[in-house]
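> can you look at this prediction? I've put the sequence above it.
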Amino acid sequence: MKLPPRSWLMVFTLSLATPMHAADVYDLWLGSAPVPASANAPEAMAGAERFSWLVTGSATATQRLVRDELRAGLSGLTVLDAADGGEVRAGALLAGTPASVPALADTGLGETLATLGAEGFLIRSVKLRGREVTVIAANSDVGVLYGAFHFLRLLRTADTSARFDVVEKPRFALRLLNHWDNLDGSVERGYAGRSLWKWDELPDRVDPRLADYARANASLGLNGGVLNNVNARAQSLTGEYLRKAAAIADVFRPYGMRVYLSARFSAPIELGGLPAADPLDPAVAAWWRAKADEIHALIPDFGGFLVKANSEGQPGPLTYGRTHADGANMLAAALAPHGGVVMWRAFVYEPEHGSDRISQAYDALKPFDGDFASNVLVQVKNGPLDFMPREPFHPLFGGMPKTRIMPELQITQEYLGHDKQLAFLAPMWREFLDADTHSHGPGSTVLKTVDGSLGGHRLTGIAGVANTGSDRNWTGHPLAQANWYAFGRLAWDPGLSSRRIAEEWTALTFGSEPRVAATLPRLLLESREAVVDYSMPLGLHHLIWADHHYGPQPWCDHLPRPDWNPVYFHRAAVDGIGFDRTPAGSNAVAQYHPGAREQFADIAACPEELLLWFHRVPWDHPMKSGRTLWDELCLRYQRGVDWTRDARRSWAALADVIDAGRHAEIAAKFAIQEADAVRWRDACLLYFQTFSTRAFPAGVEAPRHALDELRSSDPLGVSAASGGKP
Ligand code: BDP
C-alpha cells in the first residue's frame, strides 16, 4: 500500500521515538537505534526500500569505517564492495571517492567535488545509469567518513523526504581538542575523571576506548587533538613518551584525527643538556630540528606543537631577551619540512607588568604582527581575561591582521560550574564569533577575522579545551556532552545556530519524544545566561573561589599577584563597582578598533551585559530598565536562581519520558545547581551590600546564608590553599 508522505514521516518519527530505552551515556550522540532503510522515503519511492544496497570500498581502514558506520546506522542494507564492480541498482547508496567507487565518475558530480577540498563531501540524490541512487562522495576517505556521519545525522534529525542536495566543507583547516592531560593521568581543569590516554599502559596496551573517542570526534568533523597539558613537562618529548603518542596516533589515523603535542620551551635544557633554550642559539634550533625529525619518524602525520611560553611560570623566549616571534619561528622552522604547525598561545601576562591584566597579551603580541612564520598560528582565548562566563572578544581578533589567529575556546567548564552545572556553551561561542571587531569596518565579525575571509590566510584553525575524561559518560555531567558536540559542529560550520545544535544533539541523544524535544533544547539554550546571572552578571568577572575555581569568593584579596584577586577586578567600594577601562581608567578600550572602541567606552552605548567590565559605575546609576544599578544587579542574581528552580521543575516533568538512570543523575545535578546559585547570589549580594549599603529590592529573596559562613566554607568542601595560583 502506498502511504502518503506525511504518514511516512510519522512512521519515521515513531520509529525514532524511543524515550524509555535504556540509553547508555557512553554512546554519546551516536547511540540511537538504526534508522530503517526505507525511512523517510520520498513519495516517489514510498513502498520501496530507499536504501537497499550500499556500494562502497573496503581497501583502507577508513573505507571500512564508512562501511561499518552506514551498515550499523541503517538497518537492512546489503553491502556490495565497489572493488567487485557490482552493478548499480535502484535504491543504492554509493559512498566513496572516485577512486574507491569508480561508478561515481558517471554521476556528473566531478565539478562539485573539485570545490570540496580534502575534507568536504557531498550527499546527492542522482540518477545513475537510469537508476535513482544516493551518493556520499568526497575527495578523500576521511571526507567520505564525514559525509557518512552527516548523512546518518540528517536521517535522524531532519526531514529528508526530499531529494538530498548537501554540499559541505569545513570552514577551519585545524579543528582541534586541546587536552590539558598530565602524564600522571590527572587532567588540569578536568572534571570527568582521569586522562583517557592511560599513559602508563601505552604503547603496549591501547585502551579500546580511544577508538570510540576518535569516532565521536570524526562524527563531528574534528581532525586533531593535542594530547598533553599546555603546562607541559619535557618528559612528553622523550622517546618513551613519543612511542606512547605514536600508539595513540595509530588509533586516531583512520578517523582523520592527528596528534599534536604541547612542547615545553626549555626541553633542550632538560632533555638535551644544553645550557640554555635561547631560540636564536643554533644548538637549540638544531636540537628542536632533530626532535621534530624523531617525532615525524614515529608519527608521520604529526600535527605540530602547542606552546605556552612565558606565561604563569612557563619557560619561553623572553627569558633570553628574545621575542615571542623568535620562539615560535624557531619551532616552526623545525616542523616546516614535515608540514607541521606551531600554535603559539597568546595567554601571556607578566607579573612585573603592572598594567591592566587584560591588556597585556595584546601589548605583548601586537608588535609582532607580520613577523610570524607561515606555519605559525597564534592561539587566542575568546576573551582577554580567561574563559569567564562572559567576556568581550579579545582585541587580538582583528588586531593582528597579518597573523594567523586561532580561537581557543574552553569546553571544560572551569569557570561555569565544572561538571555540576548545566551551561550549554554554543550561545557563548556564537556571541563571540558574531561579535563585530570593526577591523575592516562594520561587519568584520570575529569569525571573518579567523576563517580566512578577511586576512586571506589559508591556514586557519579553532581549538577547544576538552571536557572529556575517563568517566563512563565522558564529560562528568551528562548534559555537558552537548558542549563537546557543539564545539565540534561549530568548528566544522561556525555559521550554525545554537538552536539547531541544541535540537540536533537532543534528538540524537534522547530521541524525538515531543516533550523532551520541547523542553531540553530550551533549557540548554537558556542555561549559559542563567549561569552569568547568578554568578557574574552585568560584566562582572573573576569573582571565583581561588585555586579550584568553583563557587563565589568576591572578597578574595590575599593572593600574591594583585591581578589574581577578585577585588582587583570588581573594585567595589562605597561609591560604586566595576573596572574603568575607558580613557579615564586603564584605557584597555584603546586596543579595540574604532567602532567597537567607542561603543565600549561610552557608558550609554556599552551593552549592559558588559557594563562593569568596561566601566566603574555608581550604585544609583540608572539602567535601561529604569532601575538603579544596585537593584538591577540584585534582580539579575535572583533571576539566575529562579532559572535553576524552573529548570528543576521542567526536568522533573520529563521523568516519565526519559530513562530512569539518566533522569535521576541529571535531576541530582540540577539540585546542586540550584543550591550553588543560591550561594552565589547570597555571597555576592551580601558582600557587595557592605559597600552599597542599600537594601535588596522587592523580588529578591532574603538570603539563605550569612556572609561569615560563606566566607569561611569552601564551596567544594576542600580548604582553599592560600597563596596558590588562582
Ligand atoms: C587558566 C587555568 C589554568 C591554565 C591557564 C592556561 O586556570 O589551569 O593553565 O588558564 O590557559 O584558565 O594556560
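Yep, that arrived.
> so which residues of the stretch 351-500 of the chain form strands?
Counting by DSSP state E, counting those that start in this stretch, residue ranges of the strands within the stretch 351-500 of the chain are 376-381, 405-410, 461-465.
> adding mean pLDDT, distance to the ligand and mean neighbour count as columns, could you present those strands in CSV?
Backbone N, C-alpha and C define where each C-beta goes, glycine included. Compiled in CSV, those are given as follows (pLDDT from 0 to 100; distance: least, Cβ to the nearest ligand atom, whole Å; neighbours: other Cβ atoms under 10 Å):
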stretch, mean pLDDT, distance to the ligand, mean neighbour count
strand 376-381, 98, 7, 26
strand 405-410, 98, 7, 26
strand 461-465, 99, 7, 26
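> Trp680 is nearest to which of those?
Taking Cβ to Cβ as the criterion, strand 405-410 is the member of the strands of the stretch 351-500 of the chain that comes nearest to Trp680, at 19.3 Å.
> what packs against that closest one?
Using 3 or more Cβ pairs under 8 Å, 6 or more residues apart in numbering; DSSP states H and E as the contact definition, the elements that strand 405-410 packs against are strand 376-381, helix 426-434, helix 446-450, strand 461-465.
> ok, the residue in the stretch 1-150 of the chain positioned nearest to the ligand - contacts?
Closest contact between the stretch 1-150 of the chain and the ligand, by Cβ to the nearest ligand atom, is at Leu28 (25.6 Å). For Leu28, the contacting residues are Ala216, Trp474, Gln481, Trp484, Tyr485, Thr509, taking Cβ atoms under 8 Å, 6 or more residues apart in numbering as the criterion.
> which ones are touching the closest residue in space to the third one that isn't next to it in sequence?
Leaving out its chain neighbours, the residue that sits closest to Gln481 by Cβ to Cβ, 6 or more residues apart in numbering is Thr475, at 5.0 Å. Shown here is Thr475, whose contacts under the criterion Cβ under 8 Å, 6+ apart are Ala192, Asp419, Asn467, Thr468, Gly469, Gln481, Asn483, Trp484.
> swap in 6 Å and give it another go.
The neighbourhood of Thr475, defined by Cβ atoms under 6 Å, 6 or more residues apart in numbering, consists of Ala192, Asn467, Gln481.
> now, which of the residues you listed lie within helices?
Restricting the contacts of Thr475 to those inside helices, with DSSP state H as the criterion, leaves Gln481.
> now the contacts of Thr475: which count as buried?
Among the contacts of Thr475, the ones that count as buried by 16 or more other Cβ atoms under 10 Å are Ala192, Asn467, Gln481.
> and of the residues you listed, the nearest to Leu80?
Comparing the buried ones among the contacts of Thr475 against Leu80 with Cβ to Cβ places Gln481 closest, at 35.1 Å.
> which elements pack onto the lengthiest helix in the chain?
In the chain, assigned by DSSP H, the helix with the most residues is helix 660-692. For helix 660-692, the helices and strands in contact under the criterion 3 or more Cβ pairs under 6 Å, 6 or more residues apart in numbering; DSSP states H and E are helix 514-535, helix 629-652.
> run through who's touching the shortest one.
Where contact means Cβ under 6 Å, 6+ apart, the residues beyond helix 514-535 that reach it are 389-390, 416, 422-424, 427-428, 498, 502-503, 506, 510, 636-637, 639-641, 643, 647, 650, 654, 657, 677, 680-681.
> swap in stretch 122-131?
Judged by Cβ under 6 Å, 6+ apart, the contacts made with stretch 122-131 from elsewhere in the structure are 88, 90, 107, 112, 134-137, 147, 151, 163-167.
> those, buried ones only, as a PyMOL selection?
With 16+ other Cβ under 10 Å as the burial test, the buried ones among the contacts of stretch 122-131 are selected in PyMOL as follows:
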select buried, resi 88+90+107+134+135+136+137+147+151+164
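> what two of the contacts of stretch 122-131 are the furthest from one another?
In those, two members sit farther apart than any others by Cβ to Cβ. They are Ala90 and Val167, at 23.7 Å.
> give me the number of residues near Gly585?
17 (other Cβ atoms under 10 Å).
> tell me the secondary structure for it?
When the structure is reduced to helix, strand and coil (DSSP: H, G, I helix; E, B strand; the rest coil), Gly585 reads as coil.
> and it, backbone torsions?
phi -120, psi -130 (degrees, to the nearest 10).
> same thing with Leu543?
Taking degrees, to the nearest 10, you get phi -90, psi 20 for the backbone angles of Leu543.
> thought it was touching Pro554?
Yes. In this structure, Leu543 sits in contact with Pro554. The criterion is Cβ atoms under 6 Å, and the distance is 4.3 Å.
> which neighbours do these two share?
Common neighbours of Leu543 and Pro554 (Cβ under 6 Å, 6+ apart) are Pro566.
> just the ones of the contacts of stretch 122-131 in strands?
Counted as lying in strands by DSSP state E, out of the contacts of stretch 122-131, are Thr134, Val135, Ile136, Ala137, Asp165, Val166, Val167.
> distance of the second one from Thr60?
When you say that, I think you mean Val135. Here Val135 is placed at a distance of 19 Å from Thr60 (Cβ to Cβ, to the nearest Å).
> ok, now the fifth one?
Going from Asp165 to Thr60 by Cβ to Cβ gives 28 Å.
> follow-up on the earlier one: as CSV, the contacts of Leu28 with pLDDT and distance to Asp24 would be great.
Written out in CSV, the entries for the contacts of Leu28 read as follows (pLDDT from 0 to 100; distance: Cβ to Cβ, whole Å):
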residue, pLDDT, distance to Asp24
Ala216, 98, 13
Trp474, 98, 11
Gln481, 98, 12
Trp484, 99, 16
Tyr485, 98, 16
Thr509, 96, 11
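> go through those residues and name the one nearest the ligand.
Distances from the ligand to the contacts of Leu28, taken as Cβ to the nearest ligand atom, are shortest for Trp484 (18.4 Å).
> for that closest one, what are its contacts?
With contacts taken as Cβ under 6 Å, 6+ apart, Trp484 has no neighbouring residues.
> residues from the stretch 401-550 of the chain in reach of the ligand?
Counting by Cβ under 6 Å from any ligand atom, the residues of the stretch 401-550 of the chain close to the ligand are Glu414.
> recalculate using a threshold of 8 Å.
For the stretch 401-550 of the chain, the residues found near the ligand under the criterion Cβ under 8 Å from any ligand atom are Glu408, Gln410, Glu414, Tyr415, Val465, His549.
> residue in the stretch 501-650 of the chain nearest to the ligand?
Closest point on the stretch 501-650 of the chain to the ligand, by Cβ to the nearest ligand atom, is His549, at 6.4 Å.
> run a quick neighbour tally on that residue.
Applying other Cβ under 10 Å, I find that His549 has 20 neighbouring residues.
> not counting its neighbours along the chain, what's nearest it?
Closest residue to His549 in three dimensions, ignoring its sequence neighbours and counting by Cβ to Cβ, 6+ apart: Glu414, at 5.3 Å.
> next: Arg89.
Of all residues not flanking Arg89 in the chain, Trp53 sits nearest, at 5.5 Å (Cβ to Cβ, 6+ apart).
> swap in Arg390?
Here the nearest residue to Arg390 in space, its sequence neighbours aside, is Val532; by Cβ to Cβ, 6+ apart that works out to 5.1 Å.
> again with Ser625
Setting aside the residues directly before and after it, Ser625 is nearest to Glu632 in space (Cβ to Cβ, 6+ apart), at 6.0 Å.
> and the pLDDT for that neighbour?
At Glu632, the model reports a pLDDT of 98.
> now do the contacts for Arg189.
Listed by Cβ under 6 Å, 6+ apart, the contact set of Arg189 reads Trp180, Thr412, Glu414.
> how many other residues sit next to the second one?
When you say that, I think you mean Thr412. A total of 29 residues lie near Thr412 under the criterion other Cβ under 10 Å.
> check the last one too.
Here the neighbour count serves as a burial measure; for Glu414 (other Cβ under 10 Å) it reads 22.
> okay but Ala138 is in contact with Ala118, surely?
No. Under the criterion of Cβ under 6 Å, Ala138 is not in contact with Ala118, lying 8.4 Å apart.
> who has more neighbours, those two?
Between Ala138 and Ala118, counting by other Cβ under 10 Å, Ala138 is the more crowded of the two (30 against 13).
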